[in-house]
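[1] here is the input, now give the coordinates:
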Amino acid sequence: MKRAAEQRTQTIEEYHNYIDGKWIASRSGSQFDDINPADTSDVVGRFPASSAADAEAAVLAASLAFNDWKKTSISARAKVLNRAADYLENHVDQFAEELTREEGKALNLSKDEILRSAQTLRFYAVEGQSFTGETFPNDDSDMVVYSQREPLGVVTVITPWNFPVSIPARKIAPALIAGNTVVFKPSSDAPLSGYRLMEAFVAAGIPKGVLNFITGSAAEVGPAITEPAVIRAVSFTGSTAAGEKIHRSVAFTTRTQMELGGKNPLIVMEDADLDKAVDLTIKGGLSLSGQACTGTSRVLAMKQVKEEFTAKLVAKVKSLKIGCGLVAGMDIGPLATARQLETVLRYVEIGKREATLLCGGERLTGPAYDRGYYLSPAIFTDVTQDMRIAREEIFGPVIAIIEVTSYADAITKANDSEYGLSAAIATRNPRYMHDFARDIESGTVKINRTTTGNLINAPFGGLKRSSTSTFRESGRTGLEFYTQIKTVYRGC
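    Modelled structure (predicted):
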């Protein structure tokens, strides 16, 4: 009864879009609720279910602001990024708790994400000031030939719910420091974290129209912020199907940067430290409830060690603590949405028909779980290459163990995928390490490291259907997507 009373008296905070320097409601007046996946009775906030007209207003505001922002000094742009980083750091405890409430990940991971995002803003505040063109030698003493980099114009940033601050930060920061204006649409499943990032830029003094924030369904607002010719670039992270749809729909003059799905393998060689390999599997595949595009979903274990490795993995998985991310000591939180839970449960049933389920795959029940989207991690063995659980992205705590008989067999099976985002190997053999970096078809290559995680100062992106493979994110390379080159021939 007490819980029911708390539900009835809960005050739900309402949030707004940020368009042309103003916090405003959707023109339609429609809203949607942001729900805590650990406790669905907890409404984290209420957000605008924006219309195409709202999206068009955001694009127009960004377009009108471009010329002035383009001419703003690079040091002034850098100050905005640094002040926004200050704001994130000063509010890290609050924002991390909100992130955990709306997405489900452990609180320590949420804090790391907020601080990492601040670090990303600071990185681009520095790197953007030295990202320049070149001077070219020539035989005419009365002529100077050089290239200069310029911003594109209006760019659209569309981001997912699993890293709702760090992914937007690594897209928005290089766009702004290069002189572009931005329309930012976060996932409707984690809009508050994106709102807080927008709030940080507002507190930092971002001029009106330079960065615009809009929430709502992709079906309603997506075409209005991706298809107009005034949009010069679209940076999207999400499913391969959604990314391919956007890529096909944009104008001929619009660049796209698509970071999409993965089916990431970890190869466990016969000489591997099996305890370490188990830790890599769990950290890479389960620590975010399997909800990372770079998460480990396939383990290709050598025949000689497969049985021992599998026994160690199952024992460790069964000992993991599952619960609300706000509670200290929890290893795995809930799935982020009801839709994602349904998807994973469906794949578990598919896996049961295809392979052997060793543990997990059950929706958890009881007082600690009934209000949330909790699932015990599923480990399958006797998995073969033709099975759906070996080929399709599940995006949940499901790991498929595939037996391999040699390094060559492991590489062949690892590469037998439409995806090529991240891949790892566990081995002590320098020859395997060297060959793996050369042979694996993956944009990110890890040796005795988890498939997840990447540096903010190193390029990130996938191969095959994991990416458009045009422009990389992160690092200094991340600035290239947001700039165009002019070559200038100047005579006396």
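[2] so what's S239 up against?
    Contact analysis of S239 by CB atoms under 8 Å, 6 or more residues apart in numbering lists L260, G261, E393. To be clear about C-beta, it is placed using only N, CA and C from the backbone, and glycine gets the same treatment.
[3] out of the residues you listed, which sit inside helices?
    Assigned to helices by DSSP state H, none of the contacts of S239 qualify.
[4] ok, V230 touching V154?
    Yes - counting by CB atoms under 8 Å, V154 is a contact partner of V230 at 5.6 Å.
[5] tell me which of those two has more neighbours.
    The neighbour count for V230 versus V154, taken as other CB atoms under 10 Å, is higher for V154 (28 against 14).
[6] before we move on, which element is the residue nearest to the more buried one when sequence neighbours are not counted in?
    Spatial nearest neighbour of V154, excluding adjacent residues (CB to CB, 6 or more residues apart in numbering): A62 at 4.5 Å. For A62, the host element (DSSP states H and E) is helix 52-71.
[7] for the helix or strand that comes right after that helix, buried residues please.
    Using DSSP H and E, the helix or strand that follows helix 52-71 in sequence is helix 74-90. When burial is assessed from 16 or more other CB atoms under 10 Å, helix 74-90 yields the following buried residues: R77, A78, V80, L81, N82, R83, A84, A85, D86, Y87, L88, E89.
[8] filter the contacts of S239 to the buried ones?
    Buried by 16+ other CB under 10 Å: L260, G261, E393, out of the contacts of S239.
[9] quick one: contacts for the second one?
    Listed by CB under 8 Å, 6+ apart, the contact set of G261 reads S239, T240, C293, E393, Y419, L421, R465, S466.
[10] how many residues are close by the second one?
    A total of 20 residues lie near T240 under the criterion other CB under 10 Å.
[11] now do it against L421, distance only.
    Applying CB to CB, to the nearest Å, the value for T240 to L421 is 10 Å.
[12] what ranges do the strands span in the stretch 301-450 of the chain?
    Counting by DSSP state E, counting those that start in this stretch, one finds strands in the stretch 301-450 of the chain at the ranges 356-359, 378-383, 398-404, 419-420, 422-426, 444-447.
[13] next one: the stretch 51-200 of the chain
    Using DSSP E, counting those that start in this stretch, strands in the stretch 51-200 of the chain cover 135-136, 143-151, 154-158, 181-185.
[14] now the second one - C-alpha only, PDB.
    Just to be clear, that refers to strand 143-151. In PDB, the C-alpha atoms belonging to strand 143-151 read as follows (Å, rounded to 0.1, in the frame of the first residue of the first chain):
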ATOM      1  CA  MET A 143      52.600  31.900 -55.700                       C
ATOM      2  CA  VAL A 144      51.600  30.200 -52.400                       C
ATOM      3  CA  VAL A 145      49.500  27.000 -52.500                       C
ATOM      4  CA  TYR A 146      47.700  25.800 -49.400                       C
ATOM      5  CA  SER A 147      44.600  24.000 -48.300                       C
ATOM      6  CA  GLN A 148      42.300  25.200 -45.600                       C
ATOM      7  CA  ARG A 149      39.600  23.300 -43.700                       C
ATOM      8  CA  GLU A 150      36.200  24.700 -43.300                       C
ATOM      9  CA  PRO A 151      33.000  23.600 -41.500                       C
END
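[15] any buried residues in it, and which?
    For strand 143-151, a neighbour-count test (16+ other CB under 10 Å) marks R149, P151 as buried.
[16] what angle separates that strand from helix 52-71?
    150 degrees (axes from the mean of the first three to the mean of the last three CA atoms, to 10 degrees).
[17] now for strand 143-151, which elements pack on it?
    helix 52-71, strand 135-136, strand 483-491 (3 or more CB pairs under 8 Å, 6 or more residues apart in numbering; DSSP states H and E).
[18] so what touches that strand?
    66, 70, 131-136, 138, 178-180, 482-492.
[19] for the nearest residue to Q129 once chain neighbours are set aside, list the residues it contacts.
    Nearest non-adjacent residue to Q129, counting by CB to CB, 6+ apart: I74, 5.2 Å away. When contacts are counted by CB under 8 Å, 6+ apart, I74 is found next to G128, Q129, I177.
[20] if we use 10 Å, what do you get?
    Counting by CB atoms under 10 Å, 6 or more residues apart in numbering, I74 touches A125, G128, Q129, S130, F131, I177, A178, G179.
[21] do the same with F436
    Taking CB under 10 Å, 6+ apart as the definition, contacts of F436 comprise 267, 269, 407, 410-411, 414, 423-425, 427, 429, 442, 445-447.
[22] burial of N67, as a residue count?
    Counted with other CB under 10 Å, N67 comes out at 11.
[23] my read is that it contacts N180, right?
    No - taking CB atoms under 10 Å as the definition, N67 is not a contact partner of N180, at 11.7 Å.
[24] what do the two both touch?
    G153.
[25] list of residues touching stretch 462-470?
    Taking contacts as CB under 10 Å, 6+ apart, the residues outside stretch 462-470 that touch it are 236-237, 240-241, 243-244, 247, 255-264, 293-294, 393, 415, 417-423, 440-444, 460-461, 472-473, 480-481.
[26] check the residues you listed for burial and list the buried ones.
    By 16+ other CB under 10 Å, the contacts of stretch 462-470 give 236-237, 240, 243, 247, 255-264, 293-294, 393, 415, 417, 419-423, 440-444, 460-461, 472-473, 480-481 as buried.
[27] which of the residues you listed fall within helices?
    Members of the buried ones among the contacts of stretch 462-470 lying in helices (criterion: DSSP H): T240, G243, H247, N415.
[28] P397 reaches Y373, doesn't it?
    No - using CB under 10 Å, P397 is not in contact with Y373; the gap is 11.5 Å.
[29] more crowded one of the two?
    Neighbours per residue (other CB under 10 Å) separate P397 from Y373, with P397 holding more: 29 against 25.
[30] roughly how far does the more buried one sit from P168?
    Note on P397: its distance to P168, by CB to CB, is 25 Å.
[31] where does the protein have low pLDDT?
    When residues are selected by pLDDT under 70, those of the chain lie in 1-9.
[32] what are the structural domain limits within it?
    Domain segmentation of the chain under automatic domain parsing yields 8-260+467-491, 264-455.
[33] ends of stretch 200-216, how far apart?
    21 Å (CA to CA, to the nearest Å).
[34] buried ones in it?
    Buried residues in stretch 200-216 (16+ other CB under 10 Å): 200-202, 204, 206, 208-216.
[35] do stretch 361-380 as well
    Quick answer for stretch 361-380 (16+ other CB under 10 Å): 361, 363-364, 369, 371-380.
[36] out of those, which two sit at the greatest distance?
    The largest separation in those, counting by CB to CB, is between R371 and F380 at 28.2 Å.
[37] return the distance of the residue nearest to R149 when sequence neighbours are not counted relative to N36.
    Once flanking residues are discounted, R149 sits nearest to T483: 4.2 Å by CB to CB, 6+ apart. Counting by CB to CB, the gap between T483 and N36 amounts to 40 Å.
[38] higher neighbour count, the two?
    Here T483 and N36 are compared on neighbour count by other CB under 10 Å; more neighbours surround N36, at 23 against 20.
[39] mind listing what that one touches?
    Applying CB under 10 Å, 6+ apart, the residues contacting N36 are 42-44, 98, 100-104, 324-326, 334, 371-373.
[40] next one: E244
    M258, L260, R465, T468.
[41] hmm, back to that, who does the residue nearest to R149 form a beta bridge with?
    In this entry, T483 is beta-bridged to P151, by DSSP bridges.
[42] which residue ranges of the stretch 151-300 of the chain form helices?
    Applying DSSP state H, counting those that start in this stretch to the stretch 151-300 of the chain gives helices spanning 166-177, 191-203, 218-226, 240-249, 274-285.
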